[in-house]
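K.L.:
Here is a sequence together with a model predicted from it:
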Amino acid sequence: NGIPYLPIADARIFVDSGEVLIYPKAKMDTLRNAVLKADTDSFYHEIYQSVLNVQSKYKYRGQGIYDYINKTKKPQQIFFDKIRTEQYIDEDWLKDDNKWETHATGNISEEQEFELNPKIGFKGKSHVYAIDEFLTFEGYAKVYETHELVETDWFSFSSMIDPNNMSIEIKNPRNERERPLHTGYHLKGTGYKTPYYTFLNTKVNEGHHSVFTTEGILQMDEKISEVTIGKRSKLVDGRLVGQKLVFNDSTGFVYSEGKFDLGCNYGMFNYETAGNLQHNVDEGKMDFDLIFNFDFMFPKEALEIMMNDIRENTHEMPNIFYDRPQFALAMAEFMGEKETQKILKGIEETGVWKIPSAIEKTMLFTEVFMKFDSVEYTYKTTRPIGIAFIGKEPINKRVLAFMEMGYKRSGDYFNLFIQAGDQFYFFNYKNSNKTLAVVSSNNTFNRIITEIPPKKRRKKGEGKQFYMFNISSKRKAEAFRDKMLMEDESDF
């Protein structure tokens, strides 16, 4: 009589009515309606209405009920049918050590409509590890979105959950049918409309190219109906590098930032791109804000002529806005956090920057604002382009230029038209014949190209890969310029 509690392993078991019947050899009756608190250092967990069988001062087994309380402060009951102690073993463990921990496992069915937090459901297993402050959940979670154009699926995960500051690990998520789930944008293929959006859902076809994807951790802001998935260091520590996507369920607005792979196959005419995408789900409108770094074989003398023409004829054009946060975020994807911070410091102190050798390629463009044309199946610029560098030479001007990146079954293609005062430069690459065709209103530029022997205009790559450059016609250049000028949504 009058027993306040039984100290068993790392727990205290509070006995109903304070009475325990003990038999010879320390055997005792099953404890009913007991309250279990563990561990004895922090008492993070309480399991009540428990039925327990105590086997020794280190061992017990049983079942009981646990109240999980999320941000709503409304308890949700979890029935733990496997409460037990397990011996703690680490690298310093000795055979005679008697350190035991309380563990518990329970199943949560879909019918319970259990919520980790408002708008995030769960089904699967829940675990108590007494030394951990929070429960560990192992199974499937689902973000309850109400937007009629966005569907989500149950996704696999295993993670400790802090209900007051929740983040869920999202790594290679799969649904209950073991199909991969994706968060991002994907292309169905030539002839289809705009890239389609998935939020923790399957692609229409797993083989579809992903323009942008993200995983890492999931965070929820219930007050504004906003959910974010991205790299932990970016979301938690505020780092520049990494993928991130934010979806607002009430407005239907999606914001994505990080590296993009637009899916255009240009062979040895290489490019990298990073930046952000703003997407209005209701209107289907997608606005890209990107940085491009192009890398392709081209005569140095011809690039110098183009660079000098652009410099001399764009004095009145506005400077590139390097203080835009989008610039830092995109550049960090090319160079990393440390080098980007050095560049930003240099710009702040002197107003200019020197391109690091690691990213010194053929041309570096910033402030490339693009849309996706679902009729022609192309990405097209909608504003003047920021030309940061040609080679290692700085330009730092936003110039009148048009860029188009398109898909064709015969081979993807690329068009670029740059207007520099009275001079223009036109680049057209076709992956169908692996050829970059160029032309300018500056005949000296054209002469350099034509005077190079054909064999020296060609470069062989791995296997059957090759690349070559040739002269184009002014008629093609002007036709492309006129077509872009007629675009209704362009802002030139």
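P.N.:
Arrived safely, thanks for sending.

K.L.:
what's the helix or strand encompassing residue 482 in contact with?
P.N.:
If you go by DSSP states H and E, residue 482 is part of helix 474-485. The contact list for helix 474-485 (C-beta atoms under 8 Å, 6 or more residues apart in numbering) reads 380-381, 402, 404, 415, 417, 419, 424, 426, 428, 437, 439, 441, 490, 492. Where you see a C-beta, it was placed from the backbone N, CA and C, and this is true even at glycine.

K.L.:
low-scoring stretches of the stretch 151-300 of the chain, by residue?
P.N.:
Counting by pLDDT under 70, the stretch 151-300 of the chain contains low-confidence ranges at 189-193.

K.L.:
Tell me which stretches of it form strands.
P.N.:
Taking DSSP state E, counting those that start in this stretch, the strands of the stretch 151-300 of the chain run over residues 155-160, 167-170, 182-187, 196-201, 209-213, 216-221, 226-230, 244-248, 253-260, 270-280, 285-295.

K.L.:
Could you list every helix and strand in contact with the fourth one?
P.N.:
In this structure, strand 196-201 makes packing contacts with strand 136-143, strand 182-187, judged by 3 or more C-beta pairs under 8 Å, 6 or more residues apart in numbering; DSSP states H and E.

K.L.:
ditto for the fifth one
P.N.:
Contacts defined by 3+ C-beta pairs under 8 Å, 6+ apart place strand 209-213 against strand 182-187, strand 253-260.

K.L.:
Please save the CA atoms from that strand in CSV.
P.N.:
Extracted C-alpha coordinates of strand 209-213, given in CSV (Å, rounded to 0.1, in the frame of the first residue of the first chain):
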residue,chain,number,x,y,z
HIS,A,209,12.4,15.4,-68.2
SER,A,210,12.5,17.5,-64.9
VAL,A,211,13.2,21.2,-65.5
PHE,A,212,13.4,21.7,-61.7
THR,A,213,13.1,19.4,-58.7
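
K.L.:
That strand vs strand 196-201, what angle?
P.N.:
60 degrees (axes from the mean of the first three to the mean of the last three C-alpha atoms, to 10 degrees).

K.L.:
try the third one
P.N.:
Using the same axes, to 10 degrees, the inter-axis angle of strand 182-187 relative to strand 196-201 is 160 degrees.

K.L.:
Not counting its own residues, what contacts strand 182-187?
P.N.:
Strand 182-187 has contacts (C-beta under 8 Å, 6+ apart) with 170, 195-204, 208-215, 229, 245, 256, 263, 277, 279, 407.

K.L.:
Name all residues that make contact with residue 418.
P.N.:
306, 310, 385, 387, 399-401, 424-426.

K.L.:
Go through those and flag which are in strands.
P.N.:
385, 387, 399-401, 424-426 (DSSP state E).

K.L.:
Farthest pair within these?
P.N.:
Using C-beta to C-beta, the two most remote members of these are 387 and 426, lying 14.8 Å apart.

K.L.:
So which of these two has more stuff around it?
P.N.:
residue 387 (28 against 24; other C-beta atoms under 10 Å).

K.L.:
Let me know the helix or strand that the residue nearest to that one when sequence neighbours are not counted is in.
P.N.:
Distances taken as C-beta to C-beta, 6 or more residues apart in numbering place residue 395 nearest to residue 387, at 4.3 Å, with adjacent residues excluded. With secondary structure defined by DSSP H and E, residue 395 is part of strand 393-406.

K.L.:
what's near enough to touch residue 120?
P.N.:
Contacts of residue 120 by C-beta under 8 Å, 6+ apart are 141-144, 166, 168, 220.

K.L.:
quick one: it from residue 143, how far?
P.N.:
From residue 120 across to residue 143, the span is 6 Å (C-beta to C-beta, to the nearest Å).

K.L.:
Overlap of the contact sets of those two?
P.N.:
Common neighbours of residue 120 and residue 143 (C-beta under 8 Å, 6+ apart) are residue 220.

K.L.:
Buried residues in stretch 325-336, which are they?
P.N.:
326-335 (16 or more other C-beta atoms under 10 Å).

K.L.:
partners of residue 274 in the sheet?
P.N.:
residue 259, residue 291 (DSSP bridges).

K.L.:
The nearest residue to residue 334 once chain neighbours are set aside and residue 339, how far apart?
P.N.:
In space, not counting the residues next to it along the chain, residue 334 is nearest to residue 359; the distance is 5.1 Å by C-beta to C-beta, 6+ apart. Going from residue 359 to residue 339 by C-beta to C-beta gives 9 Å.

K.L.:
One more: residue 409?
P.N.:
Residue 409 is 40 Å from residue 339, by C-beta to C-beta.

K.L.:
More neighbours: which of those two?
P.N.:
residue 339 (15 against 9).

K.L.:
Assumed that one was part of a helix.
P.N.:
Yes: assessed by DSSP: H, G, I helix; E, B strand; the rest coil, residue 339 belongs to a helix.

K.L.:
Can you tell me how far it is from residue 2?
P.N.:
In terms of C-beta to C-beta, residue 339 sits 70 Å off from residue 2.

K.L.:
how about the helices of the stretch 351-492 of the chain, start to end?
P.N.:
443-451, 474-485 (DSSP state H, counting those that start in this stretch).

K.L.:
Mind checking those for the one nearest to residue 83?
P.N.:
The nearest among the helices of the stretch 351-492 of the chain, by C-beta to C-beta, is helix 474-485 at 69.3 Å.

K.L.:
Dump the closest one to CSV, restricted to CA.
P.N.:
Output in CSV follows, covering the C-alpha atoms of helix 474-485 (Å, rounded to 0.1, in the frame of the first residue of the first chain):
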residue,chain,number,x,y,z
LYS,A,474,21.5,38.5,-92.3
ARG,A,475,18.0,37.6,-93.6
LYS,A,476,17.6,34.8,-91.0
ALA,A,477,18.9,37.2,-88.2
GLU,A,478,16.4,39.9,-89.2
ALA,A,479,13.5,37.4,-89.5
PHE,A,480,14.2,36.1,-86.0
ARG,A,481,14.4,39.7,-84.6
ASP,A,482,11.2,40.7,-86.3
LYS,A,483,9.4,37.7,-85.0
MET,A,484,10.4,38.4,-81.4
LEU,A,485,9.5,42.1,-81.7
